[in-house]
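Trainee: Have a look; sequence and predicted model below, questions after that.
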Amino acid sequence: MVKVREDKKKANLYWLEIDEMTQRPATRNLVKGNKVYGEMLVQDKNQEFRFWDPYRSKLAAAFLRGLEAYAFNSGTSVLYLGASSGTTASHISDLVGLGGVVYCVEFAPRVMRDLIQVCSIRNNMIPFLADARHPESYNHIPQLVDVLYQDVAQPNQAKILVENAKRFLKPGGTAYLAIKARSIDVTAKPTRIFQREEKTLTQSGFTIVERLSLNPFTADHVFLSAVYGAS
Ligand SMILES: C[S@@+](CC[C@H](N)C(=O)[O-])C[C@H]1O[C@@H](n2cnc3c(N)ncnc32)[C@H](O)[C@@H]1O
């Protein structure tokens, strides 16, 4: 039988103890009975939890790799760049609850259709069909956010993050960036690429607070946590 355990340090995050060797992150389902990507649902004490698949979500993989820089709570506002069909964004929607909000930017019309469906039943998720390289095109987001999350698999990933932070991230806010070396340059050494992207961030007012490899869940990725405007 799967046991549910609350994470004592990370608000609204849970762990499913599958067996003695295997633990997986989970969130309490904001929309009971509803699955977003076919994930397992677990009932415990009148509550429902969604298994958070680390092979489908880099944030879940980061938790399993020991992420400490945790910036989510009930009421947190998030701008999510590269939301795809809403897998990770929907778990963040569980973490921040109805008092929070997840603005989801995605530029591919095909996955946008699925994302709109997810947003239509989760009242704290708002979809934007837009290109994250042009943050001026969604300037109508009505607030500065606490958290900027980016997973876009593009060249110039750090630059995209910086341009979005300038417009939308609160001073002292947290950014999470999944960097995919191969999307930037297939010929260069991944470590060089990661260093270059980090330099772009630090030269633009970010302090890197954590750096994780996501192996074995996702190859060739580094997951950065950074604080904006902190000295
Ligand atoms: C690796 S997938 C994201 C998976 C998602 N973060 C998750 O965990 O559920 C990358 C997504 O970023 C989108 N994307 C890539 N470049 C983008 C851009 N410039 N603006 C908006 N979305 C972009 C792609 O269409 C794709 O859906």
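Mentor: Cool, got the structure. Residues are numbered from 1 along each chain as shown.
Trainee: Let me know the helix or strand that the residue most central in space within the chain is in.
Mentor: For the chain, the residue sitting closest to the mean C-alpha position, by Cα atoms, centre = their mean, is residue 149 at 4.9 Å. Per DSSP states H and E, residue 149 falls inside strand 145-150.
Trainee: what does that strand contact?
Mentor: 59, 71-72, 76-82, 88, 92, 103, 132, 157, 160-161, 164-165, 168-170, 173-178, 228 (Cβ atoms under 8 Å, 6 or more residues apart in numbering). C-beta here means a position set from N, CA and C on the backbone, and glycine is covered the same way.
Trainee: do the host helix or strand of residue 103 and the ligand meet?
Mentor: According to DSSP H and E, residue 103 maps onto strand 101-106. Yes: counting by Cβ under 6 Å from any ligand atom, the ligand is contacted by strand 101-106 at 105-106.
Trainee: domain ranges for the chain?
Mentor: 3-53, 61-228 (automatic domain parsing).
Trainee: Of the ones you listed, which stretch is the most buried?
Mentor: Comparing these by mean neighbour count (mean count of other Cβ atoms under 10 Å), domain 61-228 comes out on top with a mean of 19.
Trainee: Check the offset of it from the chain's centre.
Mentor: Relative to its chain's centre, domain 61-228 lies at 5 Å (Cα atoms, centre = their mean, to the nearest Å).
Trainee: So for that domain, mean pLDDT?
Mentor: In this model, domain 61-228 has a mean pLDDT of 95.
Trainee: now the end-to-end length of that domain.
Mentor: Start-to-end span of domain 61-228 (Cα to Cα, to the nearest Å) is 23 Å.
Trainee: and the gap between the residue of the chain found nearest the ligand and residue 208?
Mentor: Residue nearest to the ligand within the chain (Cβ to the nearest ligand atom): residue 82, separated by 2.9 Å. Separation of residue 82 from residue 208 (Cβ to Cβ, to the nearest Å): 20 Å.
Trainee: before we move on, what about residue 177?
Mentor: Taken as Cβ to Cβ, the span from residue 177 to residue 208 is 10 Å.
Trainee: Between the two, which contacts overlap?
Mentor: With Cβ under 8 Å, 6+ apart as the test, residue 177 and residue 208 both reach 201, 224, 226.
Trainee: Please list the members of the residues you listed that lie in strands.
Mentor: Those of those mapping onto strands are 224, 226, per DSSP state E.
Trainee: Let me have the shared contacts of residue 177 and residue 208 in a markdown table, extended by distance to residue 187.
Mentor: Shown next, in a markdown table, are the shared contacts of residue 177 and residue 208 (distance: Cβ to Cβ, whole Å):
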| residue | distance to residue 187 |
| --- | --- |
| 201 | 23 |
| 224 | 22 |
| 226 | 27 |
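Trainee: how about the shared contacts of residue 177 and residue 208 in TSV, adding distance to the ligand?
Mentor: Formatted as TSV, the shared contacts of residue 177 and residue 208 follow (distance: Cβ to the nearest ligand atom, whole Å):
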residue	distance to the ligand
201	18
224	15
226	17
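Trainee: ok, residue 105 - contacts?
Mentor: Here residue 105 is in contact with 79-83, 128, 130, 132, 138 (criterion: Cβ under 8 Å, 6+ apart).
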